[in-house]
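Q: fold the following.
(chains A and B)
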Amino acid sequence: MLELFDVCKTFNAKTIFEKVALDHVSLKVNDGDFISIIGANGAGKSTLFNAICGSFLTDSGRIILDGEDITFKPDHKRAKTIGRLFQDPMRGSAPGMSIEENLALAAGHGGWLSKISKADKEAFRERLSLLGMGLEDRMRQPVGLLSGGQRQALTLLMSTFNPPKLLLLDEHTAALDPATSEKVLELTKSIVRDNRLTCLMITHNMQSALDLGNRTIMMHGGRIIYDVSGDTRNGLEVSDLLSQFKAAAGKDLDNDRMMLV
Amino acid sequence: MLTTILGLGATALELGLISSLTVLALFLSYSMLNVCDLSTDGCFTLGAAVGAVVAISGHPYLSILAALCVGMVSGFITALLQTKMGIDSLLSGIIVNTGLYSVNIAIMGGASLLNLNKTETVFTKARTLLAGTFLSSQYRLAVVILFVALALALMTWFLKTRLGLAIRATGNNPDMVKSSSINPAFTTIVGLCLSNSLTALSGCLLAQSQKSVNVTIGSGMVTIALASLLIGRAFMGKGSIGKRAVGAVLGAFVFRLVYTIALRFNLPAYMLKLVSSVIVIIAIAGPYFKKRFPEFKRVHDASKGGGNA
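A: Next up is the predicted model:
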């Protein structure tokens, strides 16, 4: 479904600040995969997502999504088939506009000069009620009034309103308090399951990296150093992941936010 | 006395309404798109110059259309500079504004002043049209009100369409626009084309109303319009889009009214621009100081109380 062939990206090339962010990364994601990605700070996890989304042009390599070569496709066009959530809950919605206006843009129904129809509003209300946050009764309120958790849940709804082929989650619950984080993660799981989405999730929580999904990838120095799925993965514990990291990277895994339990 | 006041009110209303078209343009570019469009002055003069030249050539109705079109072209260039050529948005406006000075004089045939005293304009057409009706004495106002009402209705409608929503989101959170599969460069271009066509229309109407165009007719318009916009915001607050657009028009009128009254108290006419600058400073710096007042107060108290606070 998603294939990366030998993708490279170096920032500030040929300066003293040169940083190899992606070092000949190749990855094949199968239809329906839910892959958790772990790695130290600066391992290239977010850069990998940026490459897939088209935030920049890669230096070399090819990116194929569902048989289509998207290597040179601009980011806003890729957004039609790739949904993405960031750690910052403020990043995915427009604070000065109402919930229904945000949803209308995400839904993208109708022509340029069409207005939000009654049917649209009904559909928004129905979807919002699934979040269980009472947002369906606040559709005309500006999004800026919502809490971080509510905004992230809304962003989740917006980016999956038209189910994308691929959903990228970049530590999307990391900035939320534990209870809200749990709630948003539950919502994510049910939306991914109901829409049979293929999903890549960066997490700093080693345990949920193993609990969620069917495959785990470990990154270091811009490379994928460990890729595990199936029975091998089922038998893994957090301590196994740590020793795998040490074996492959030659040092201990250090990430200032890493949660080992 | 009463007739003087009414006369003053009517003049302020007419001039205020004409400039309210520029205020609506800034409402779109500044409040919605979050772009401070500094090509406004030049574009206003461009509309005035083109409108005047077309009217002089004998086409009063076509002059309106021509002004709208050249405004759109000017906005397109400003938008192109900032979305496709890596030029900062403020700088794009300044560059286009400077370039337009030459363009405007060229359009006026090398002169810096054009006289429309014997020219058929939309206003003289309206006088003929409305002669004998109850509107005959207020034909000028009728023309202006027609244009403003039309612009206001279109603006309110437009900002609720999908394209309008996309333009508002571009000023609010461009990342979110991209993730909705819309190119923010496209929405910026559309927004600036529309806002600048309104600015040019505003210039065109002012020129035909005062029956002359000077190459400096638009100078300071951006600050005057911004002052009006901020006055309107003070009146209407953060209401619905329609309410805020009406606030913009209202602000333009209030600004003119205050200014016209000040003129009656022997304030020299050349003070207009200083007044508008001061209003913009107060309107933007005021809320900033209000927000920071608790901090100032704490620092002040601390220094007075020997640092124990």
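Q: going by C-alpha atoms from here, please, whenever you check contacts or count neighbours.
A: OK.
Q: for residue A:45, give its distance to residue A:142.
A: 33 Å (CA to CA, to the nearest Å).
Q: again with residue B:254
A: 29 Å.
Q: same question, residue B:117
A: Residue B:117 is 51 Å from residue A:142, by CA to CA.
Q: look at the two and report which has more neighbours.
A: residue A:142 (17 against 12; other CA atoms under 10 Å in any protein chain shown).
Q: contacting residues for that one?
A: Contacts of residue A:142 were listed using CA atoms under 8 Å, 6 or more residues apart in numbering or on different chains, and they are A:95-99.
Q: again, 6 Å this time
A: By CA atoms under 6 Å, 6 or more residues apart in numbering or on different chains, the contact set of residue A:142 is A:96-98.
Q: and the nearest residue to it once chain neighbours are set aside, its phi and psi?
A: Distances taken as CA to CA, 6 or more residues apart in numbering or on different chains place residue A:98 nearest to residue A:142, at 3.9 Å, with adjacent residues excluded. The phi and psi values for residue A:98, taken as degrees, to the nearest 10, are phi -70, psi 170.
Q: pretty sure residue A:98 contacts residue A:138?
A: No. Contact criterion CA atoms under 6 Å: residue A:98 and residue A:138 do not qualify, at 8.7 Å.
Q: so which of the two has more stuff around it?
A: Shown here are residue A:98 and residue A:138; by other CA under 10 Å, residue A:98 has more neighbours (19 against 15).
Q: list the contacts of the more buried one.
A: Counting by CA under 6 Å, 6+ apart, residue A:98 makes contact with A:140-143.
Q: repeat for residue A:3
A: Per CA under 6 Å, 6+ apart, neighbours of residue A:3: A:27-28, A:63-64.
Q: for the nearest residue to it once chain neighbours are set aside, which three-state class applies?
A: Of all residues beyond its chain neighbours, the one nearest residue A:3 is residue A:28 (4.5 Å), with distances taken as CA to CA, 6+ apart. Classification of residue A:28 using DSSP: H, G, I helix; E, B strand; the rest coil returns strand.
Q: also residue A:84?
A: The assignment at residue A:84 comes out as strand when based on three-state DSSP.
Q: give me the nearest residue to it, chain neighbours excluded.
A: residue A:168 (4.6 Å).
Q: pull out the buried positions in the lowest-mean-pLDDT helix or strand in chain A.
A: One helix or strand of chain A scores below all others by mean pLDDT, DSSP states H and E: helix A:238-249, with a mean of 85. For helix A:238-249, a neighbour-count test (16 or more other CA atoms under 10 Å in any protein chain shown) marks A:238, A:241-242, A:244-245, A:248 as buried.
Q: just give me how far that helix sits from the chain centre.
A: Counting by CA atoms, centre = their mean, to the nearest Å, helix A:238-249 is centred 24 Å from the centre of its parent chain.
Q: what does stretch B:157-167 give?
A: Centre to centre, stretch against its chain (CA atoms, centre = their mean), the figure for stretch B:157-167 is 20 Å.
Q: show me what counts as buried in that stretch.
A: The neighbour-count check on stretch B:157-167 (16+ other CA under 10 Å) flags B:158-167 as buried.
Q: can you check stretch B:258-278 too?
A: Within stretch B:258-278, the residues scored as buried using 16+ other CA under 10 Å are B:259-260, B:272, B:275-277.
Q: from the contacts of residue A:3, list just the buried residues.
A: The buried subset of the contacts of residue A:3 - by 16+ other CA under 10 Å - is A:27, A:63-64.
Q: reformat those residues as a markdown table; add pLDDT and distance to chain B.
A: Shown next, in a markdown table, are these (pLDDT from 0 to 100; distance: CA to the nearest CA, whole Å):
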| residue | pLDDT | distance to chain B |
| --- | --- | --- |
| A:27 | 95 | 24 |
| A:63 | 96 | 19 |
| A:64 | 95 | 19 |
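Q: which single one of those is nearest to residue B:212?
A: Lowest distance from residue B:212 to those (CA to CA) belongs to residue A:63, with 61.3 Å.
Q: quick one, what contacts residue B:38?
A: Contact analysis of residue B:38 by CA under 6 Å, 6+ apart lists B:93-94.
Q: and the gap between it and residue B:101?
A: Using CA to CA, residue B:38 is found at 13 Å from residue B:101.
Q: again, but for residue A:116
A: Distance from residue A:116 to residue B:101, counting by CA to CA: 42 Å.
Q: sorry, back to before: can I get the contacts of residue A:3 in JSON lines including distance to residue B:208?
A: Output for those, formatted as JSON lines (distance: CA to CA, whole Å):
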{"residue": "A:27", "distance to residue B:208": "67"}
{"residue": "A:28", "distance to residue B:208": "67"}
{"residue": "A:63", "distance to residue B:208": "59"}
{"residue": "A:64", "distance to residue B:208": "60"}
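Q: which parts of chain B are helices?
A: B:2-26, B:40-56, B:60-84, B:89-107, B:122-130, B:139-158, B:162-172, B:174-179, B:184-210, B:221-236, B:241-264, B:272-304 (DSSP state H).
Q: so which of the contacts of residue A:98 is the most crowded?
A: residue A:143 (23 neighbours).
Q: let me know the pLDDT of that residue.
A: Predicted confidence (pLDDT) for residue A:143: 95.
Q: who are the contact partners of it?
A: If a contact means CA under 6 Å, 6+ apart, then residue A:143 has A:95, A:98-99 as its contacts.
Q: quick one: the helices in chain A, in order.
A: Counting by DSSP H, the helices of chain A are A:45-53, A:75-78, A:99-107, A:118-131, A:148-159, A:178-194, A:206-211, A:230-234, A:238-249.
Q: tell me which residues are up against the first one.
A: Under the criterion CA under 6 Å, 6+ apart, residues residue A:75 lie in contact with helix A:45-53.
Q: what's the answer for the fourth one, then?
A: Counting by CA under 6 Å, 6+ apart, the neighbours of helix A:118-131 from elsewhere in the structure are residue A:136.
Q: how far does that helix sit from the chain's center?
A: Here helix A:118-131 is found 24 Å from its chain centre; the criterion is CA atoms, centre = their mean.
Q: now it: buried residues?
A: Residues of helix A:118-131 classed as buried by neighbour count (16+ other CA under 10 Å): A:120-121, A:124-125, A:127-128, A:131.
Q: distance of the nearest residue to residue B:21 once chain neighbours are set aside from chain A?
A: Closest residue to residue B:21 in three dimensions, ignoring its sequence neighbours and counting by CA to CA, 6+ apart: residue B:202, at 5.4 Å. Here residue B:202 is placed at a distance of 25 Å from chain A (CA to the nearest CA, to the nearest Å).
Q: compute the number of surrounding residues for residue A:230.
A: Neighbour count of residue A:230, defined by other CA under 10 Å: 10.
Q: could you report the neighbour count for the residue lying closest to residue B:127 once chain neighbours are set aside?
A: Leaving out its chain neighbours, the residue that sits closest to residue B:127 by CA to CA, 6+ apart is residue B:139, at 5.6 Å. Counted by other CA under 10 Å, the residues lying close to residue B:139 total 21.
Q: how close does residue B:139 sit to chain A?
A: Residue B:139 sits at a distance of 34 Å from chain A (criterion: CA to the nearest CA).
Q: okay, that residue and residue B:126: tell me how far apart.
A: From residue B:139 to residue B:126 the distance is 6 Å (CA to CA).
Q: residue B:217 now?
A: 24 Å.
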